[in-house]
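> my questions are about this predicted structure, shown below with the sequence.
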Amino acid sequence: MARLGLRRFPPPMLLLLLALFLVAAAAAGKGKKRGGGGLRFRREGGTFKVLQVADMHYADGRSTACEDVLPEQVAGCSDLNTTAFLYRVIRAEDPDLVVFTGDNIYGADSTDAAKSMDAAIAPAIAMNLPWAAGIGNHDQEGTLSREGVMRHLVGMKNTLSRFNPEGVEIDGFGNYNLEVGGVEGTLLANKSVLNMYFLDSGDYSTVPSIPGYGWIKASQEAWFRKTSSSLQKNYTNEEPRQKEPAPALAYFHIPLPEFSSFTASNFTGVKQEGISSPSINSGFFTTMVEAGDVKAAFIGHDHLNDFCGKLTGIQLCYAGGFGYHAYGKAGWSRRARVVSVQLEKTETGEWQGVKSIKTWKRLDDQHLTSIDSEVLWNRGSNGRGSKDHDRS
Ligand SMILES: *[C@@H]1O[C@H](CO)[C@@H](O)[C@H](O)[C@H]1NC(C)=O
Ligand SMILES: *[C@@H]1O[C@H](CO)[C@@H](O)[C@H](O)[C@H]1NC(C)=O
Ligand SMILES: *[C@@H]1O[C@H](CO)[C@@H](O)[C@H](O)[C@H]1NC(C)=O
Ligand SMILES: *[C@@H]1O[C@H](CO)[C@@H](O)[C@H](O)[C@H]1NC(C)=O
């Protein structure tokens with residue numbers, strides 16, 4: 001190894017070199033600003049962990065009663081139990097990011113939508129975690145419109161939520177992406193090794209001849225396609241060039257029609273109610289398959305479903321209901337979904353790109369029981385359009 005002959009430099013030069021080194025080290029420490037609020041993988045384990053909280057249905061706090069709990073649990077049960085669960089699961093999992101996938105508040109029962117939202121998200125802020133949110137079909141039923149709710153979310157502390165991409169005509173509110181950088185000080189420190197897409201899946205159809213829920217629109221798919229393609233190009237073409245695109249996760253509220261593709265024989269978790277997707281298929285699943293980078297999509301909306309099933313190389317996952325003022329099933333614990341993404345390590349011990357994506361759920365029972373742990377994706381196990389080789 002070539003040693004730098006420091007003795008060849010006169011003392012003032014040494015000081016200058018030291019100053020330059022310190023400035024460079026500080027810059028490297030901050031890292032290049034990626035479009036993700038500085039999210040990155042941890043050095044210790046090479047992991048990045050996301051806690052998904054679906055359907056809190058928060059309203060007025062202590063005065064808002066719980067729904068669907070056992071008769072002996074009714075007394076003293078309120079929105080504050082939702083808050084307590086969020087604190088417990090954050091403490092137990094120590095996530096790097098909390099994602100709220102809509103119906104964060106239940107507008108119809110909220111006196112002041114902004115206040116309800118502040119109270120619902122408060123534990124993530126109090127624990128000083130970065131968080132990102134999207135909206136569902138109930139957030140706007142109170143004192144704020146859909147646009148108003150999203151504007152409020154993007155103004156809150158520690159939020160990485162964004163209103164919409166700039167300079168793009170797009171449907172809905174809360175369409176954005178986040179980038180997660182590689183471990184600081186490694187070759188991939190300035191690259192987005194994991195991408196996350198957030199989309200507004202709407203509330204209800206506005207087309208009179210089509211009943212039911214809303215859907216992801218063509219304008220949103222166009223933005224997703226363009227963003228995915230650009231991220232993939234940057235990952236594989238910019239130095240240090242990577243062989244395969246970085247994997248991605250998608251988060252929204254309403255299930256795509258493809259969530260109906262499974263039976264108990266090919267999903268992990270439970271299906272205890274129908275799949276409340278829109279009555280037409282706007283094609284977003286196919287768009288994700290074509291883009292190739294999304295390995296798993298995570299939603300909420302149907303509180304009694306909490307399964308993950310794999311279709312055409314993409315895992316479709318429910319989180320299960322989190323909130324106590326949301327409908328549920330008495331005796332069936334409220335729950336949250338955790339996703340843990342693991343980096344590959346070289347033989348020399350340097351962290352690389354993503355190796356695997358795992359998931360499990362946490363129940364709001366006495367021991368915060370973890371259930372249904374599974375690997376959603378492994379590098380090399382399911383390349384673009386290839387057949388499943390890892391079905392157990
Ligand atoms: C709600 O919180 C109260 C107060 O901590 C607790 O006693 C009660 O068991 C909780 N109820 C449920 C259903 O978790
Ligand atoms: C990452 O960016 C920082 C700041 O621009 C730079 O100092 C550092 O050398 C970069 N690291 C790599 C591996 O490219
Ligand atoms: C890809 O890299 C270019 C050049 O650095 C940058 O302008 C663009 O925003 C990147 N694409 C995405 C989706 O971040
Ligand atoms: C799941 O299993 C059912 C019943 O065997 C089958 O009809 C369906 O096509 C399977 N779905 C997937 C995505 O493999």
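The structure has been received and is ready for your questions. Numbering: from 1, shown residues only. Ligands and ions are numbered 1, 2, ... in the order given.

> buried ones in stretch 201-210?
By 16 or more other C-beta atoms under 10 Å, the buried positions in stretch 201-210 come out as Ser201, Gly202, Asp203, Ser205. Placement of C-beta: from N, CA and C, glycine included.

> excluding its backbone neighbours, what's nearest the third one?
Closest residue to Asp203 apart from its sequence neighbours, by C-beta to C-beta, 6 or more residues apart in numbering: Asn137 at 3.8 Å.

> report pLDDT for that neighbour.
At Asn137, the pLDDT value in this model is 98.

> sorry, back to before: and which of the buried residues of stretch 201-210 is nearest to ligand 2?
Taking C-beta to the nearest ligand atom as the measure, ligand 2 lies nearest Ser201 of the buried residues of stretch 201-210, at 35.3 Å.

> isn't there a helix covering that closest one?
No. Judged by DSSP: H, G, I helix; E, B strand; the rest coil, Ser201 forms no part of a helix; its state is coil.

> in contact with it: list those residues for me.
In this structure, Ser201 makes contact with Gly102, Gly134, Gly172, Tyr213, Gly214, Trp215, Ile216, Phe252, His253, Ile254, Ile299, judged by C-beta atoms under 8 Å, 6 or more residues apart in numbering.

> quick one, which of those are buried?
The neighbour-count criterion (16+ other C-beta under 10 Å) marks Gly102, Gly134, Gly172, Tyr213, Gly214, Trp215, Ile216, Phe252, His253, Ile254, Ile299 among those as buried.

> partner strands of the longest strand seen in the chain, with direction?
Taking residue count as the measure and DSSP state E as the definition, the longest strand of the chain comes out as strand 351-363. Using DSSP bridges, the strands paired with strand 351-363 in its sheet are strand 335-345 (antiparallel), strand 370-378 (antiparallel).

> so for the longest one, what's the average pLDDT?
So that's strand 335-345. Averaged across strand 335-345, pLDDT comes to 98.

> got the buried residues for it?
Along strand 335-345, the positions that meet the burial threshold by neighbour count (16+ other C-beta under 10 Å) are Arg335, Ala336, Arg337, Val338, Val339, Ser340, Val341, Gln342, Leu343.

> the last one touches Gln352, doesn't it?
Yes. Applying C-beta atoms under 8 Å, one finds Leu343 in contact with Gln352, separated by 6.0 Å.

> quick one, helices of the stretch 201-350 of the chain?
Under the criterion DSSP state H, counting those that start in this stretch, helices of the stretch 201-350 of the chain are mapped to 218-237, 284-291.

> out of these, flag the one nearest Ile314.
helix 284-291 (5.9 Å; C-beta to C-beta).

> any chance of the contacts of Ser201 in TSV, with pLDDT and distance to Met196 too?
Listed next are the contacts of Ser201 as TSV, based on pLDDT from 0 to 100; distance: C-beta to C-beta, whole Å:
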residue	pLDDT	distance to Met196
Gly102	98	15
Gly134	98	11
Gly172	98	17
Tyr213	98	23
Gly214	98	21
Trp215	98	21
Ile216	98	16
Phe252	98	11
His253	98	15
Ile254	98	18
Ile299	98	14
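
> quick one: low-confidence ranges for the stretch 1-150 of the chain?
Flagging of the stretch 1-150 of the chain using pLDDT under 70 yields the residue ranges 1-37.

> can you list residues touching both of Leu343 and Gln352?
Overlap between the neighbourhoods of Leu343 and Gln352 consists of Gly182, taking contacts as C-beta under 8 Å, 6+ apart.

> about what we covered before: nearest to Glu141, of the contacts of Ser201?
The shortest separation between Glu141 and any of these is 12.4 Å, and it belongs to Gly102 (by C-beta to C-beta).

> what separation do you get for that closest one and ligand 2?
When distance is defined by C-beta to the nearest ligand atom, to the nearest Å, Gly102 is 35 Å away from ligand 2.

> do the same with Thr359
Applying C-beta to the nearest ligand atom, one obtains 30 Å for the distance of Thr359 from ligand 2.

> which element is Glu147 on?
Using DSSP states H and E, Glu147 sits within helix 146-154.

> go through that helix and flag the buried ones.
For helix 146-154, using 16+ other C-beta under 10 Å, the buried residues are Arg146, Gly148, Val149, Met150, His152, Leu153, Val154.

> so can I have a markdown table of those residues showing distance to ligand 4?
Listed next are the buried residues of helix 146-154 as a markdown table, based on distance: C-beta to the nearest ligand atom, whole Å:
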| residue | distance to ligand 4 |
| --- | --- |
| Arg146 | 32 |
| Gly148 | 39 |
| Val149 | 34 |
| Met150 | 33 |
| His152 | 38 |
| Leu153 | 34 |
| Val154 | 36 |
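
> buried ones in stretch 288-297, by neighbour count?
Met288, Val289, Ala291, Gly292, Asp293, Val294, Lys295, Ala296, Ala297.

> no, scratch that, I was asking about stretch 306-325
Across stretch 306-325, burial judged by 16+ other C-beta under 10 Å covers 306-311, 313-325.

> near whichever residue of the stretch 51-200 of the chain sits closest to ligand 2, how many other residues are there?
Distances between the stretch 51-200 of the chain and ligand 2 by C-beta to the nearest ligand atom are smallest at Asn190, namely 3.8 Å. Asn190: 18 surrounding residues under other C-beta atoms under 10 Å.

> from ligand 1, how far off is it?
Applying C-beta to the nearest ligand atom, one obtains 44 Å for the distance of Asn190 from ligand 1.
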